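**Q** model the structure of this input:
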Amino acid sequence: MSNLVPVNFVNAYSSNVFHLSQQKGSRFAMHCRNEMQKGEKDFYDFIGTVSARRRTGRHSDTVYSDTPHGRRACFIDDFDHADLVDKVDKLRMIYDPENEYSIAARNAMGRSMDDVIIEAALGTAYTGKDGTIPVVLPNTQKVVAFDGATTTGVGLNVKTLRAVKKKFNQNEVDTTELFFAYSAEEQDSLLGQTEVTSADYANVKALVQGAVDSFMGFRFIHSERLPRPASNVTYTVTNGVYGAGTGTVTASKGRRCIAWEKTGILFAKAQDIVARIDELPGKNYSVQIFTSMTIGATRMEEVKVVEVVTSEL
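**A** Numbering: from 1, shown residues only. Next comes the predicted model:
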């Protein structure tokens with residue numbers, strides 16, 4: 001056979017497109033109270049706690065009590081993503097990238113949903129008739145991971161989870177739908193505990209290995225989008241009380257995990273994810289892949305959200 005045959009060899013390329021590792025879609029939106037919102041700012045009202053009065057005598061006058069009312073304001077923002085596919089580029093490609101670009105854009109929108117929910121859970125909510133009164137998550141709704149001795153911060157552990165669950169119970173929060181957002185470091189910390197002989201360890205191991213997604217009443221959701229503290233966090237080493245004591249978690253190692261009850265965070269959509277694929281005459285009929293959504297979120301009740309600060313390696 002001629003030695004010139006290799007000139008005719010062809011390069012083979014796969015027609016399949018693989019998306020790089022990434023979070024695909026939202027992991028939190030379905031685990032919040034979902035609402036459709038019409039305006040730029042909308043209000044969601046609630047009724048507070050009342051107490052019964054012990055009657056002091058027969059035929060006494062009726063005593064009226066004012067039932068407390070409150071509301072939270074939810075503000076929405078617009079998100080979009082656009083990219084172009086040039087027709088001459090498509091002629092040189094073995095696959096059509098339009099559908100793949102749409103998938104990538106939808107994944108980006110889902111991650112933005114989670115960012116909005118995280119910000120609402122940990123940030124400032126707004127109340128009052130006009131939605132102008134700021135409400136921050138109080139320190140009483142924050143717990144720092146603790147082991148009873150370490151002063152430089154520890155990872156997530158069963159002792160800390162018990163303290164968080166206790167806080168929900170003390171506030172009479174319905175615990176049938178509790179969720180816990182944590183990163184891979186916190187997951188690994190749970191498995192690395194020395195309680196290898198405890199009944200808890202078998203459950204933690206099953207959780208980390210993916211056999212179950214629930215433990216101690218929480219449904220665990222993995223996310224690498226949880227923020228770090230803006231500054232160092234002090235805590236009491238014996239019980240994880242936030243903002244006091246001799247323990248310190250440095251900001252560079254800290255991770256702000258979130259525990260919440262489903263109705264404690266409201267996620268609002270004015271427009272769900274919408275995708276359009278259009279030819280643009282002004283761009284030589286290149287194809288534009290455009291994706292948009294309009295969403296917002298707010299914390300509805302402070303006692304239904306607990307921030308859990310951990311220390312990562």
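
**Q** Lys159 against Phe146, yeah?
**A** Yes - with contacts counted by Cβ atoms under 8 Å, Lys159 reaches Phe146, the gap being 6.7 Å. Bear in mind the C-beta positions are built from the backbone N, C-alpha and C, glycine included.

**Q** got any ranges where the chain has weak pLDDT?
**A** For the chain, applying pLDDT under 70 flags the ranges 1-21, 88-97, 194-199, 211-212.

**Q** report how many residues lie close to Glu100.
**A** With neighbours defined by other Cβ atoms under 10 Å, the count for Glu100 comes to 16.

**Q** so it, which of the three states?
**A** Under the three-state scheme (DSSP: H, G, I helix; E, B strand; the rest coil), Glu100 adopts helix.

**Q** give me the distance between it and Ile289.
**A** Per Cβ to Cβ, to the nearest Å, Glu100 is found 9 Å from Ile289.

**Q** more neighbours: which of Lys159 and Phe146?
**A** Between Lys159 and Phe146, counted using other Cβ under 10 Å, the more crowded position is Phe146 (26 against 17).

**Q** which residues touch that one?
**A** Phe146 makes contact with Val154, Lys159, Thr160, Ala163, Tyr235, Thr236, Val237, Thr238, Asn239, Gly240, Gly247 under the criterion Cβ atoms under 8 Å, 6 or more residues apart in numbering.

**Q** what residues are up against the fifth one?
**A** Think Tyr235. For Tyr235, the contact set (Cβ under 8 Å, 6+ apart) comprises Val144, Phe146, Gly153, Val241, Tyr242, Gly243, Ala244, Gly245, Gly247, Thr248, Val249, Val309.

**Q** tell me how far the nearest residue to it once chain neighbours are set aside lies from Ser252.
**A** Among residues not flanking Tyr235 along the chain, Val144 sits closest, at 3.5 Å (Cβ to Cβ, 6 or more residues apart in numbering). Val144 is 16 Å from Ser252, where distance means Cβ to Cβ.

**Q** which one of the two is surrounded by more residues?
**A** Legend: neighbour count by other Cβ under 10 Å for Val144 and Ser252, higher for Val144 (30 against 10).

**Q** which residues touch the more buried one?
**A** For Val144, the contact set (Cβ under 8 Å, 6+ apart) comprises Gly153, Val233, Tyr235, Gly240, Val241, Tyr242, Gly247, Val249, Val308, Val309, Thr310.

**Q** run through the bridge partners of the last one.
**A** Partner residues in beta bridges with Thr310: Arg255, with DSSP bridges as the criterion.
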